[in-house]
Each structure stands twice: as C-alpha cells, then as structure tokens.
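*Asks:* using only what follows, build the 3D model:
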Amino acid sequence: MTLQTSHGLTIRDETLAGLAAYWEAKRGPRAMPRRDEIVPEEIREYLADTFLVDVCDDAPRFRFALCGPGVATLFAMDLAGSALEDIDLAYEAPEIVHDYTLAADRRQPICSRHRFVNRAGRQLDYERVLMPLQDANGHVRWLLGGLVGTAIQLRRAAA
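*Replies:* This is a model prediction of the structure:
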C-alpha cells in the first residue's frame, strides 16, 4: 500500500500510511490535530512503530517522550527521555534534525527515508513520518512519528 497524502507525501510502508491517515482524519480542515485528540487505543496496531517527540523551544530541541518497541529495537535502545542530538545518527544527524525542524516549522508532515551506518557499526535503513501536533493555543509542541525499517550489525563498535 502506498499513500499519497493531502500534503503531497508519498508513504510506502503500510503501517506508516495507516498512521498518517489517522493523523489526517484527526486534523480535519485544520493544519494539524491537537495532542489530546490522539488516542492510543485508536492506533493500537501502529503503536510498536510509533514515537512521540516533545518540541522544546530552545534551538529547537527535540526530546523523545514515548518510543514504541519496534523503534527501540531498530535503534538498539529505548529513545524515551533522549534528545535527538544524543542518538547515534553518525553523518546523517544534520539531515535528520533538519527533518524534525521542518515538520515543526512548516506545521506539516514530513516523510523521509534514511540509510546509514552509525558509529556503533549498526546499519539502519528506514522510512519515517513526522506529523506535528498542536497545543490548545495552536503552537507545535509535539511531533507524532512513525518509523519502520531494518537494522543490521555490520561491525563491532571501536573500543
């Protein structure tokens, strides 16, 4: 299944397409839904591959509030509580931070694909969707994300 969203995104993965369709339905005619409109029980089949990121005002910084087990397995760590810049993203870090910033600043979903080897020698290959959520005042305070892919340990990390 491939989903073409109203924002012109092409999402290849079925799980991510379902999560994006849910976000689209919740937002209605607005730019984005509110955080309190996202009901975990309604997206139960996507939760393993879902994460929630707090958009902090300084810089901006992005801190993982929640991390599904599928995302944790892919990164070989539970991202909850971690800031984006604390995660081993190797040379891909600036582009990934840019995606998060773009989703928050433009107030629109972003879908991207990444393939890289991190410093620990783990090759990650994934598709990710980031969808902004607003607070009661219309400010982007969270990003609802979905991430599906594979990871292979290519080599041991240098001591």
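*Asks:* which parts of this structure are helices?
*Replies:* 14-27, 69-75, 93-106 (DSSP state H).
*Asks:* pull up the gap between Met131 and Pro94, please.
*Replies:* 21 Å (CB to CB, to the nearest Å). For every residue, glycine as well, the C-beta is placed using N, CA and C.
*Asks:* ok, those two, which is more surrounded?
*Replies:* Ranked by neighbour count (other CB atoms under 10 Å), Met131 and Pro94 place Met131 first, with 27 against 9.
*Asks:* that one contacts Tyr100, correct?
*Replies:* No. The pair Met131 / Tyr100 is not scored as a contact, 11.4 Å apart, by CB atoms under 8 Å.
*Asks:* which residues do these two both contact?
*Replies:* Common contacts of Met131 and Tyr100 (CB atoms under 8 Å, 6 or more residues apart in numbering): Leu143.
*Asks:* returning to what we had before: okay, the helices of the chain, which one's buried deepest?
*Replies:* helix 14-27 (a mean of 19; mean count of other CB atoms under 10 Å).
*Asks:* show residues contacting stretch 39-59.
*Replies:* Contact with stretch 39-59 is made by 15-16, 18-19, 22, 62-71, 79, 84, 100, 104, 130, 140-148, as judged by CB under 8 Å, 6+ apart.
*Asks:* cutoff 6 Å now
*Replies:* Contacts to stretch 39-59, defined as CB atoms under 6 Å, 6 or more residues apart in numbering, come from residues 15, 18-19, 22, 62-71, 104, 140-146, 148.
*Asks:* quick one: low-confidence ranges for this structure?
*Replies:* 1-7, 58-59, 156-159 (pLDDT under 70).
*Asks:* tell me where it has strands.
*Replies:* Using DSSP state E, the strands of the chain run over residues 3-4, 10-11, 50-56, 61-67, 110-117, 122-134, 140-153.
*Asks:* wait, which of those is closest to Pro33?
*Replies:* Evaluated with CB to CB, the strands of the chain place strand 122-134 nearest to Pro33, the distance being 6.1 Å.
*Asks:* can you list the buried residues in the closest one?
*Replies:* Arg122, Leu124, Tyr126, Glu127, Arg128, Val129, Leu130, Met131, Pro132, Leu133, Gln134 (16 or more other CB atoms under 10 Å).
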